[in-house]
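**Student:** Provided below for reference: sequence and predicted model.
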Amino acid sequence: MPEIPDLAVMAKNLEKRLVNHTVKDVVLHVSKNANATENGFYALVNHTIKSICREGKDLHIEIGDHILALRLMLHGELRLVVAEFPKFPIFELDFGGMRLCLTDFQSQARPILNPDPVVVPDALDVSFPFFHQMLERKKSDIKTVLTDQKNIRGIGNAYADEILYDAGIAPHSIANKVPAEKLFKSMRTVLIQAIERIGMLDPDRITVENRSFMKVHLPDKLQTPKGETILIDKKGTRKSYYVKSQSVYK
DNA sequence: GAATATGTTTAAAT
DNA sequence: CATTTAAACATATT
């Protein structure tokens, strides 16, 4: 469930700890979602980590001339271990002693070797004109548009709620009717502030997410920190959390 | 022990 | 045809 802010902090911390480490071995425990066989991933062996960054909801690890993408999906977790063997292993990189393990109790997380270059812009890279034009073309609700990775990458259910709350826009508003500039600004400030916040709360974070500072995506609470009543909108099995003062644009 | 949480894929509907 | 909506999947934790 990590979204942009958690992944950004994770990428930075992993890079700090792993850059210049050389891959000595790889193990593919669950192959059903991978885009290569274990043999394929052996191409990474004897190559050295150059950089680690976030791309949408994926982590990209640059290893020699290859890119190893890790997609955490709902419950993927990363752990740096020496002697432990975490439950639900999916994939691991062995640096000779220390290992980076990707685990997922639902077996949905997956490693992707040399992923196709993406054409969809990231939520923190997209220009305002592109974002504005994208919204103009969409007649579905803004919450769905923001979380659809084919439109912009990196935003999930939780941060979409936080962004719309910050922008004062109701989640069921029609995408091409909402004030695009306001939404664009909120998207950037919410995400950037969350990255700073998580960096301070969890300076060594490499796994799971921190949502302790969220203002409206609070499934266990009835009110926001400001005392507003939290409303819930169900779309299928997905829930949006919002407050009455968020304007509905139709 | 039923309800919960949600990213992605595929199928169906508009 | 293109766009949008719905259903299916996966399962530990509460």
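**Tutor:** Received the coordinates, thanks.

**Student:** Quick check: the one residue in chain A that gets nearest to DNA strand B vs residue A:180, distance?
**Tutor:** Nearest residue of chain A to DNA strand B: residue A:156, at 2.6 Å (CB to the nearest atom of the strand). All C-beta spots, glycine's among them, are computed from the backbone N, C-alpha and C. Distance of residue A:156 to residue A:180, computed by CB to CB, to the nearest Å: 21 Å.

**Student:** again, but for residue A:131
**Tutor:** 7 Å.

**Student:** go on, residue A:116?
**Tutor:** Where residue A:180 is concerned, residue A:116 sits at a distance of 29 Å (CB to CB).

**Student:** and the residue lying closest to the residue of chain A closest to DNA strand B once chain neighbours are set aside, what does it touch?
**Tutor:** Nearest residue to residue A:156 in three dimensions, chain neighbours excluded: residue A:3, at 4.3 Å (CB to CB, 6 or more residues apart in numbering). Residues in contact with residue A:3 (CB atoms under 8 Å, 6 or more residues apart in numbering) are A:57, A:154-156, A:158-159, A:209.

**Student:** now the residues you listed in a markdown table, with neighbour count and secondary structure?
**Tutor:** Listed next are these as a markdown table, based on neighbours: other CB atoms under 10 Å; DSSP: H, G, I helix; E, B strand; the rest coil:
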| residue | neighbour count | secondary structure |
| --- | --- | --- |
| A:57 | 21 | coil |
| A:154 | 26 | coil |
| A:155 | 27 | coil |
| A:156 | 19 | coil |
| A:158 | 23 | helix |
| A:159 | 25 | helix |
| A:209 | 21 | coil |
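
**Student:** Out of those, the closest to residue A:166 would be?
**Tutor:** Residue A:166 has its nearest neighbour among the contacts of residue A:3 in residue A:159, at 10.1 Å by CB to CB.

**Student:** could you list every residue that touches that closest one?
**Tutor:** Contacts of residue A:159 (CB under 8 Å, 6+ apart): A:3-5, A:190-191, A:194, A:217.

**Student:** can you pick the most crowded of the residues you listed?
**Tutor:** Ranked by neighbour count (other CB atoms under 10 Å), the contacts of residue A:159 have residue A:5 at the top, with 28 neighbours.
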